[in-house]
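Trainee: Here is a sequence together with a model predicted from it:
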Amino acid sequence: MGGKVMKNLQLLLEKFERGLNPQQPEKSEIRAIVKGYGEISSIFAVEGLPGWVFKRLPLFTDEKVARRYSQNYLHYTGALKAAGLILPEDSVTIVNGNPVVLYIGQKEIFGENFCHKLIHTLPENDAIRMAENILGEIKKVWLYNRQMAPEIELSIDGQISNWAMNDDNLIFVDTSTPLFKVNGDEQLDPELLLNSTPGPLKWIIRKFFLQGVMERYYDLRLVYTDLLANLYKEQKPGLIGALLPLANEHLEEDMKEITRKEIDDYYKEDKFIWQLFLVLRKMDRWVINNILRKRYQFILPGKIKR
């Protein structure tokens, strides 16, 4: 984006933030249209910014912390590109307020081009081939890590909904959580992720879930397990049998093969964690809106089919 466009984007997102209704974003002063949901944040388009979608991260106590996060984001996305992944054109905008909000924008990709939609519309052999190509794209991250060790180690959430097709190229879109290590030190402050969780339960999530969820994206075997298990959520478990041996072929030599039982057990645990997390966040929203009479800052998903 050019300087003038970036300035206009800054001004429009500042105005959007002032008039945002997180519970009903379509009724905000500047209308937002929700395009999709992640486990933590929603993806939406903003009226007046055609061709772009945004993730809104209201996680920061001050601009300095938000700027550090944005620098990490740029470092992370630059390293993913260096590893050989294709990413959409993007933007990063900080909006000061209480809290300080970071907007990560991406050039919009039409919904039917996302791989979790394509597995339902492509012939099965083509869907399997596409998913196998995703396994190869993920492997690029581990080849890059091996080349760059110990200076930098990237993680990736490789589940199928984080990829899209464009002119026969796979595009990786889930870049808003910059998880990477420099000389073994995690660069993302995990406490920031806890800002989206209900206050009284932060210590439970910190103690029992947070570290495990973050670390699994540094483990190639677990990233592949997560991708295959996610096919249950996408209502396509029939593809797992064909993809499991392909995933095992992509593992590094010292890694134990993934079993179907591991995939099934992983999905049950993952489903429980995220369902519980969403229920608790909705309870937290009700308390903040109705008891404390404050604005709940996050745009939560509706019912997610799993």
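Mentor: That came through fine.

Trainee: going forward, measure contacts between C-alpha atoms and count neighbours the same way
Mentor: Will do.

Trainee: can you give me the helices in the stretch 51-200 of the chain?
Mentor: Counting by DSSP state H, counting those that start in this stretch, the segments of the stretch 51-200 of the chain that form helices are 63-82, 115-121, 124-148, 190-194.

Trainee: Grab the CA positions of the first one and hand them over as PDB.
Mentor: Only the C-alpha atoms of helix 63-82 are listed here, as PDB (Å, rounded to 0.1, in the frame of the first residue of the first chain):
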ATOM      1  CA  GLU A  63       1.000   1.400  21.800                       C
ATOM      2  CA  LYS A  64       4.600   0.200  22.600                       C
ATOM      3  CA  VAL A  65       3.300  -3.400  23.200                       C
ATOM      4  CA  ALA A  66       1.200  -3.200  20.000                       C
ATOM      5  CA  ARG A  67       4.100  -2.000  18.000                       C
ATOM      6  CA  ARG A  68       6.300  -4.800  19.300                       C
ATOM      7  CA  TYR A  69       3.600  -7.300  18.200                       C
ATOM      8  CA  SER A  70       3.400  -5.700  14.800                       C
ATOM      9  CA  GLN A  71       7.200  -5.900  14.400                       C
ATOM     10  CA  ASN A  72       7.100  -9.600  15.300                       C
ATOM     11  CA  TYR A  73       4.300 -10.000  12.700                       C
ATOM     12  CA  LEU A  74       6.400  -8.500  10.000                       C
ATOM     13  CA  HIS A  75       9.400 -10.600  11.000                       C
ATOM     14  CA  TYR A  76       7.300 -13.700  11.100                       C
ATOM     15  CA  THR A  77       5.600 -13.100   7.700                       C
ATOM     16  CA  GLY A  78       8.900 -12.200   6.100                       C
ATOM     17  CA  ALA A  79      10.400 -15.500   7.400                       C
ATOM     18  CA  LEU A  80       7.500 -17.500   6.100                       C
ATOM     19  CA  LYS A  81       8.000 -16.000   2.600                       C
ATOM     20  CA  ALA A  82      11.700 -16.700   2.900                       C
END
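
Trainee: Contacts for it, please.
Mentor: Applying C-alpha atoms under 8 Å, 6 or more residues apart in numbering, the contact partners of helix 63-82 are 60, 86-87, 92, 94, 96, 100-102, 141, 154, 175-180, 187-188.

Trainee: hmm, back to that, let me have the helices of the stretch 51-200 of the chain in a markdown table, adding distance to Gln211 and mean pLDDT as columns.
Mentor: As requested, those are exported to a markdown table (distance: least, C-alpha to C-alpha, whole Å; pLDDT from 0 to 100):
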| stretch | distance to Gln211 | mean pLDDT |
| --- | --- | --- |
| helix 63-82 | 19 | 97 |
| helix 115-121 | 27 | 97 |
| helix 124-148 | 20 | 97 |
| helix 190-194 | 8 | 81 |
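
Trainee: returning to what we had before: quick one, which of the contacts of helix 63-82 are buried?
Mentor: A residue is treated as buried here by neighbour count (16 or more other C-alpha atoms under 10 Å); on that basis the buried members of the contacts of helix 63-82 are 60, 86-87, 92, 94, 96, 100-102, 141, 154, 175-180, 187-188.

Trainee: follow-up on the earlier one: same list (the helices of the stretch 51-200 of the chain) but as TSV, adding distance to Phe277.
Mentor: Formatted as TSV, those follow (distance: least, C-alpha to C-alpha, whole Å):
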stretch	distance to Phe277
helix 63-82	23
helix 115-121	23
helix 124-148	27
helix 190-194	11
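
Trainee: The ones you listed: which one's closest to Phe272?
Mentor: Across the helices of the stretch 51-200 of the chain, the minimum distance to Phe272, taken as C-alpha to C-alpha, is reached by helix 190-194, at 18.2 Å.

Trainee: what about stretch 150-170, average pLDDT?
Mentor: The average pLDDT for stretch 150-170 rounds to 94.

Trainee: From the chain's centroid, how far away is it?
Mentor: Between the centre of stretch 150-170 and the centre of its host chain there is 11 Å, according to C-alpha atoms, centre = their mean, to the nearest Å.

Trainee: contacts for that stretch?
Mentor: Outside of stretch 150-170, the residues within contact range by C-alpha under 8 Å, 6+ apart are 76, 79-80, 86, 109, 113-116, 131, 134, 138, 141-142, 145, 171-174, 179-184, 217-219, 223-224, 226-228, 230-231.

Trainee: Any buried residues in that stretch, and which?
Mentor: Result for stretch 150-170 [16+ other C-alpha under 10 Å]: buried residues 152-165, 170.

Trainee: Next step: these restricted to strands.
Mentor: Applying DSSP state E to the buried residues of stretch 150-170, the entries found in strands are Ile152, Glu153, Leu154, Trp163, Ala164, Met165, Leu170.

Trainee: picking that back up, ok, of the contacts of stretch 150-170, which come out buried?
Mentor: Buried members of the contacts of stretch 150-170, counted by 16+ other C-alpha under 10 Å: 76, 79-80, 86, 109, 113-116, 131, 134, 138, 141-142, 145, 171-174, 179-181, 217-218, 223-224, 226-228, 230-231.
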